[in-house]
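# Okay, predicted coordinates and the sequence, questions at the end:
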Amino acid sequence: MAATWRTTICQSNKAPTKYPKLFFATKLNRFSSHFISTEDAYGREDTTPEKPKPSVYRTRHRGMEVIQDPFTNRGAAFTWDERERLGIRGLVPPKVQSFDIQAERVLSRVDALHDPLNKYDFLVSLLDRNETLFYRVLIDHFEKIAPIIYTPTVGLASQKSQVIFRRPRGMYFSKYDRGCMNTMVYNWPQEQVDVIVVTDGSRILGLGDLGANGIQIPIGKLALYVAGGGIDPRRVLPVVLDVGTNNEALRKDPWYLGIAEPRITGDEYFRFVDEFMEAVYSRWPQVMVQFEDFANPVAYPLLETYRDKYLCFNDDIQSTGSIALASILASLRLRGMTNREICKERIVCVGAGSAGLGVCETIIQCMEREGLRSHQAYRQFWLLDDKGLLGRGRVGLTPTQARFVRDDLPDGSSLEEVVRTVKPTILLGLSGAGGAFTEAAIREMAKHVERPVIFPLSNPVDHAECTASQAIEWTGGRAIFASGSPFDDVEYQNKIYPITQCNNVYNFPGMGLAVTACRITHITDDMFLAAARRISALSADHHKQQLFPPLSELRNVSLQVATAVAEVAYEDGLATAEPPRKMTLHQYLLSRMWQPQYAPLVPF
Ligand SMILES: NC(=O)C1=CN([C@@H]2O[C@H](COP(=O)(O)OP(=O)(O)OC[C@H]3O[C@@H](n4cnc5c(N)ncnc54)[C@H](O)[C@@H]3O)[C@@H](O)[C@H]2O)C=CC1
Ligand SMILES: CC(=O)C(=O)O
Ligand SMILES: [Mg+2]
């Protein structure tokens with residue numbers, strides 16, 4: 001983060017008379033051709049998509065401060081005017097390098113590195129130096145860069161966080177900060193924050209309790225909010241709640257940067273989170289909070305406590321539910337069926353934690369809207385956890401799990417037994433247990449259905465319940481496959497099978513854009529359902545067997561999600577911003593997307 005934070009953005013639509021040359025020197029770079037809207041990074045101007053109006057960045061920094069602030073730094077790309085006016089002449093190499101060349105150089109450095117963790121380290125250090133360039137490269141090369149700053153490599157980075165630590169990013173609230181959080185939030189240098197992603201590190205991807213190392217996940221998610229949803233990078237805040245860790249190896253590691261004590265639990269834990277939420281909303285009443293990677297025993301209670309009180313959602317429960325539903329709806333289309341036929345699906349879900357339950361509950365909401373009664377919808381599901389099928393007689397279930405208890409098979413039945421009896425049409429994996437979809441189970445499933453839908457959604461890659469090639473091979477090429485982490489396309493019997501990534505990244509950036517731009521006051525299940533339907537409708541013939549567009553189209557998908565969410569919000573009276581009359585909702589949201597551009601940098 002920058003040493004000082006005095007840069008602001010000029011909101012003016014008028015050419016600043018003082019610096020006419022600079023203003024007219026502004027060029028639209030190639031992002032503009034895709035996302036022509038406004039060059040105002042905060043997007044508050046009443047600009048039309050057809051007539052982008054350039055803005056300028058104004059800064060109070062001078063000299064080295066300009067270079068050390070990642071929001072104003074441009075490396076060797078400062079123009080001569082900027083060098084002159086900001087006092088940096090002689091502090092940067094004499095050649096004015098173009099943004100394109102800079103991006104090319106970054107990409108070649110990434111390609112030259114072989115170890116994924118080194119790539120991660122290189123990219124995060126770029127983020128620390130030059131945010132605009134980082135986002136330019138990420139947006140232009142989502143498919144290459146996202147797997148480094150997001151799953152799977154972010155998992156490795158979380159495990160090694162104490163080794164690769166360079167400088168802090170985001171905020172840490174520890175159990176020793178109790179009583180101080182109300183004042184601590186004012187230590188964050190930005191006046192405005194639109195999105196907070198917070199974790200307590202208790203269930204990081206499928207890797208378990210990683211304590212304060214979990215901070216890498218909010219950092220990665222927020223990078224995708226910016227790149228995918230066009231959220232202003234100055235207005236995002238990654239947070240870790242360090243309530244201790246039950247990971248003994250971390251506690252014993254002298255390099256570990258968190259509190260090396262067991263986690264606080266029960267009322268003490270919930271009071272801690274309460275203090276955090278109150279502190280955050282006392283400073284930023286309109287911020288959206290995303291709960292991320294909280295272990296199941298606390299994830300649902302936290303969501304239930306706060307969903308009506310604050311502007312918040314749980315990514316693993318709600319966004320994952322939305323994207324999994326989108327994948328299923330898209331698979332219906334591939335199978336030549338209508339959305340209504342979702343009611344006939346027999347769904348086996350391996351994993352009955354936050355994500356598994358969130359996904360199944362979202363599908364049930366969709367089935368209900370397609371005409372099934374609630375109890376009928378629940379009958380279409382068979383859930384397994386680490387003890388096997390959730391059956392009658394099982395003790396210790398949460399209220400949500402208890403709704404899925406079956407009495408047609410014994411409690412604890414294995415996946416193979418369940419598949420043999422149930423003959424599922426859809427097999428979901430949200431267990432974090434790599435390899436949980438056995439060859440026997442998948443071959444058995446493939447005996448009974450023409451197009452088995454197989455979604456091992458656990459992250460990172462080696463925690464997926466099966467690989468893409470296993471699913472394709474064991475079903476003789478008939479599987480409709482999607483995975484949580486990216487897999488390469490599969491070649492099987494001289495045919496290429498493109499692989500869809502089914503990850504909540506297709507959902508949350510668009511949610512953030514809609515909430516921020518339309519000032520949505522409350523996030524509802526209907527918004528997630530609308531997002532799912534919109535994403536599923538994006539599957540197109542040109543994507544062949546892919547269920548929806550590849551990650552390279554994340555920005556457009558996010559815009560579609562935002563539009564669907566905003567439509568619901570306005571209809572339900574939950575959006576308070578008034579988009580300019582001359583714009584459609586879609587145009588307005590587009591105009592609000594931050595773009596990585598070097599707008600002319602001028603002194604205050
Ligand atoms: N693709 C995506 O967008 C997302 C994927 N996930 C992934 O889902 C996985 C689970 O996440 P949560 O539900 O939040 O975790 P959780 O800890 O709340 O739940 C895990 C569940 O899996 C069960 N389980 C563990 N080992 C098992 C085994 N061998 N066989 C059957 N069940 C087993 C547990 O009993 C528990 O019910 C993680 O790997 C996570 O990365 C989570 C959110 C989004
Ligand atoms: C993708 C995600 O949120 C998870 O694996 O937890
Ligand atoms: Mg997660």
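Noted; the coordinates are in hand. As the structure is a computational prediction, the values presented were derived from the model and not from experiment. Ligands and ions are numbered 1, 2, ... in the order given.

# got a pLDDT number for the spatially most central residue of the chain?
Nearest to the geometric centre of the chain sits Val505, at 3.8 Å (CA atoms, centre = their mean). Predicted confidence (pLDDT) for Val505: 98.

# which ones are touching it?
In this structure, Val505 makes contact with 146, 150, 221, 224, 228, 551, 554, judged by CB atoms under 8 Å, 6 or more residues apart in numbering. For the C-beta atoms, the positions are set from N, CA and C on the backbone; glycine is no exception.

# Please identify, among these, the one with the most neighbours.
Highest neighbour count within those, by other CB atoms under 10 Å: Gly228, with 30 neighbours.

# Now that residue. Nearest residue, chain neighbours left out?
Pro509 (3.4 Å; CB to CB, 6 or more residues apart in numbering).

# The one you found reaches Tyr225, doesn't it?
Yes. Assessed by CB atoms under 8 Å, Pro509 is found in contact with Tyr225 at 5.0 Å.

# any shared contact partners between these two?
Contacts common to Pro509 and Tyr225, judged by CB under 8 Å, 6+ apart, are Ile231.

# the domain parsing of this structure - what is it?
Structural domains annotated on the chain: 100-310, 321-505, as defined by automatic domain parsing.

# is the lengthiest strand in the chain anywhere near ligand 2?
With secondary structure taken from DSSP state E, the chain has its longest strand at strand 236-242. No. Using CB under 6 Å from any ligand atom, strand 236-242 never reaches ligand 2; the gap is at least 14.0 Å.

# List the neighbouring strands of that strand plus their orientation.
Strand 236-242 has its sheet partners listed here by DSSP bridges as strand 171-174 (parallel), strand 195-199 (parallel).

# what about the ones you listed, which gets the closest to Ile323?
Ile323 lies closest to strand 195-199 among the strands paired with strand 236-242, at 16.6 Å (CB to CB).

# which residues touch the closest one?
Under CB under 8 Å, 6+ apart, the answer for strand 195-199 is 214-215, 217-218, 221-222, 225, 231, 235-241, 276, 280, 284, 287-294, 315, 512, 516.

# let's see it at 6 Å
Strand 195-199 has contacts (CB atoms under 6 Å, 6 or more residues apart in numbering) with 214, 217-218, 221-222, 225, 231, 236-240, 287-290, 292-293, 512.

# which residues of this structure score low on pLDDT?
1-54, 540-545 (pLDDT under 70).

# now do 80
Within the chain, the stretches with pLDDT under 80 are 1-54, 539-545.

# contacting residues for whatever residue of the stretch 151-300 of the chain ends up closest to ligand 3?
When scored by CB to the ion, the stretch 151-300 of the chain has Asp293 as its residue closest to ligand 3, at 4.4 Å. Residues near Asp293 by CB under 6 Å, 6+ apart: 199, 203-204, 217.

# Kindly report the same for Asp121.
Ile164.

# In what element of secondary structure is it found?
Using DSSP states H and E, Asp121 sits within helix 116-129.

# and the angle from the next helix or strand after that helix to helix 116-129?
Per DSSP H and E, the first helix or strand lying C-terminal to helix 116-129 is helix 131-140. Here helix 131-140 points in a direction 130 degrees away from that of helix 116-129 (axes from the mean of the first three to the mean of the last three CA atoms, to 10 degrees).

# what's downstream of helix 131-140, the next helix or strand?
Counting by DSSP H and E, the element after helix 131-140 in chain order, helix or strand, is helix 142-149.

# quick one: the helix or strand following that next one to chain centroid distance?
Per DSSP H and E, the first helix or strand lying C-terminal to helix 142-149 is helix 153-159. How far helix 153-159 lies from its chain's middle: 15 Å, per CA atoms, centre = their mean, to the nearest Å.

# residues in contact with the next helix or strand after helix 153-159?
The helix or strand immediately downstream of helix 153-159 is helix 161-164, counting by DSSP H and E. Defining contact as CB under 6 Å, 6+ apart, one finds that helix 161-164 is touched by 121, 213, 216, 255-257.

# Same question for stretch 510-522.
Residues outside stretch 510-522 that contact it (CB under 6 Å, 6+ apart) are 194-195, 225, 229-231, 288, 558, 561-562, 565-566, 569, 574-577, 589, 592.

# so what's Val236 bridging to?
Val195.

# For the residue nearest to His586 when sequence neighbours are not counted, pull up the helix or strand it's in.
The shortest distance from His586 to any non-neighbouring residue, by CB to CB, 6+ apart, is to Thr563 (5.0 Å). According to DSSP H and E, Thr563 maps onto helix 554-571.

# What helices and strands are in contact with the next helix or strand after that helix?
Per DSSP H and E, the first helix or strand lying C-terminal to helix 554-571 is helix 585-591. With contacts taken as 3 or more CB pairs under 6 Å, 6 or more residues apart in numbering; DSSP states H and E, helix 585-591 sits against helix 554-571.

# list the contacts for the one residue in the stretch 501-604 of the chain that gets nearest to ligand 3?
The minimum distance from the stretch 501-604 of the chain to ligand 3, using CB to the ion, falls at Asn504 (6.8 Å). Applying CB under 6 Å, 6+ apart, we find Asn504 in contact with 315, 319-320, 323.

# Please indicate which of those are buried?
Neighbour-count burial within the contacts of Asn504 applies to 315, 319-320, 323; the criterion is 16 or more other CB atoms under 10 Å.

# Filter those residues down to the ones in helices?
Among these, the ones falling in helices (DSSP state H) are 320, 323.

# From the buried ones among the contacts of Asn504, pick the one nearest Arg369.
For the buried ones among the contacts of Asn504, the minimum distance to Arg369 (CB to CB) is 17.6 Å, reached by Ile323.

# returning to that earlier point: can you sort out which of the buried ones among the contacts of Asn504 also neighbour ligand 1?
With CB under 6 Å from any ligand atom as the criterion, the buried ones among the contacts of Asn504 include 320, 323 near ligand 1.

# closest to ligand 3 among the buried ones among the contacts of Asn504?
Distance to ligand 3, by CB to the ion, is smallest for Asp315 among the buried ones among the contacts of Asn504, at 5.4 Å.

# my guess is the closest one contacts Glu292, does it?
Yes. Asp315 lies in contact with Glu292 (CB atoms under 6 Å); the separation is 5.1 Å.

# And the contacts of stretch 275-292?
By CB under 6 Å, 6+ apart, the residues outside stretch 275-292 that reach it are 173, 181-182, 185, 193, 195-197, 199, 217, 302, 310-312, 314-315, 515.

# secondary structure element for Thr516?
Applying DSSP H and E, one finds Thr516 within helix 508-518.

# Send me that helix as PDB with only the CA atoms.
Coordinates of the C-alpha atoms in helix 508-518 are reproduced here as PDB (Å, rounded to 0.1, in the frame of the first residue of the first chain):
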ATOM      1  CA  PHE A 508     -19.300 -11.900  -6.900                       C
ATOM      2  CA  PRO A 509     -17.700  -9.200  -9.100                       C
ATOM      3  CA  GLY A 510     -21.000  -8.500 -10.800                       C
ATOM      4  CA  MET A 511     -22.800  -8.500  -7.500                       C
ATOM      5  CA  GLY A 512     -20.300  -5.900  -6.300                       C
ATOM      6  CA  LEU A 513     -20.700  -3.700  -9.300                       C
ATOM      7  CA  ALA A 514     -24.500  -3.700  -9.000                       C
ATOM      8  CA  VAL A 515     -24.500  -3.000  -5.300                       C
ATOM      9  CA  THR A 516     -22.000  -0.200  -5.600                       C
ATOM     10  CA  ALA A 517     -23.300   1.500  -8.700                       C
ATOM     11  CA  CYS A 518     -27.000   1.200  -7.800                       C
END
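
# ok now that helix, how far from the chain's centre?
Helix 508-518 sits 12 Å away from the centroid of its parent chain (CA atoms, centre = their mean).
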